[in-house]
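>>> missing the sequence, but the structure's below:
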């Protein structure tokens with residue numbers, strides 16, 4: 001019997017990213033929080049300053065017997081613009097950067113290969129954009145405040161409106 005695995009993705013404001021991943025068959029749970037910075041136990045107001053080094057991040061707990069990490073990567077690339085550095089739509093700052101925080105060497109390899117393939121596809125189409133997504137080892141995941149968890153669902157919205 002397979003055990004559950006965790007994946008961590010940053011792709012702008014975590015509300016929409018969480019909503020996207022929470023609707024995928026095989027995802028058992030999602031949580032929003034902060035990862036990748038130097039401030040211990042940050043809160044939302046601190047992260048919003050851009051000075052903590054943390055990115056708004058979604059933790060995805062998934063069943064690899066139902067859903068592969070590669071399928072999660074495919075959804076990640078489609079749910080945001082991985083070519084805008086420290087920005088998604090109107091959200092600007094390093095806390096909104098595109099990042100994959102891997103939990104194993106296998107996840108690292110798959111993430112790097114996936115990023116490379118996406119960049120190659122851009123190049124072959126004559127698209128001059130560069131994928132700026134960071135691929136980094138996971139670190140401490142600091143859970144965001146309760147009011148951020150399933151935020152869009154609580155507000156009766158299916159996506160963020162830009």
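Received it, and whenever you're ready, just let me know what you need. All values reported here derive from a predicted model rather than from experimental measurement.
>>> What does the pLDDT read for residue 85?
On pLDDT, residue 85 comes in at 96.
>>> count of neighbours near residue 64?
Neighbouring residues of residue 64 were enumerated by other CB atoms under 10 Å; the total is 15. The C-beta positions use only the backbone N, C-alpha and C, and glycine is treated the same way.
>>> swap that for residue 98, sorry
If you count neighbours by other CB under 10 Å, residue 98 ends up with 26.
>>> before we move on, what about residue 95?
Counted with other CB under 10 Å, the burial measure for residue 95 works out to 28 neighbours.
>>> And for the one 10 residues further on?
Other residues lying near residue 105 total 9 when counted by other CB under 10 Å.
>>> same question, residue 127
The burial count for residue 127: 11, using other CB under 10 Å.
>>> contacting residues for residue 137?
If a contact means CB atoms under 8 Å, 6 or more residues apart in numbering, then residue 137 has 101, 102, 108 as its contacts.
>>> Could you tell me how far the last one is located from residue 63?
Taking CB to CB, to the nearest Å as the measure, residue 108 and residue 63 are separated by 21 Å.
>>> between those two, who's got more neighbours?
When residue 108 and residue 63 are compared for neighbours, residue 108 comes out ahead with 17 against 14, by other CB under 10 Å.
>>> pLDDT score assigned to that one?
98.
>>> which SSE is it in?
Element membership for residue 108, per DSSP states H and E: helix 105-124.
>>> Check which residues of that helix are buried.
Buried residues in helix 105-124, counting neighbours by 16 or more other CB atoms under 10 Å, are found at 107, 108, 110, 111, 114, 115, 118, 119, 122.
>>> tell me the secondary structure for residue 6?
Here residue 6 takes the strand state, with states given by DSSP: H, G, I helix; E, B strand; the rest coil.
>>> What separation is there between it and residue 67?
Note on residue 6: its distance to residue 67, by CB to CB, is 13 Å.
>>> do the same with residue 58
In terms of CB to CB, residue 58 sits 15 Å off from residue 67.
>>> list the buried ones in the lowest-mean-pLDDT helix or strand in the chain?
For the chain, counting by mean pLDDT, DSSP states H and E, helix 151-154 ranks last in confidence among helices and strands (a mean of 75). Applying a neighbour-count criterion of 16+ other CB under 10 Å, the buried positions in helix 151-154 are 151, 152.
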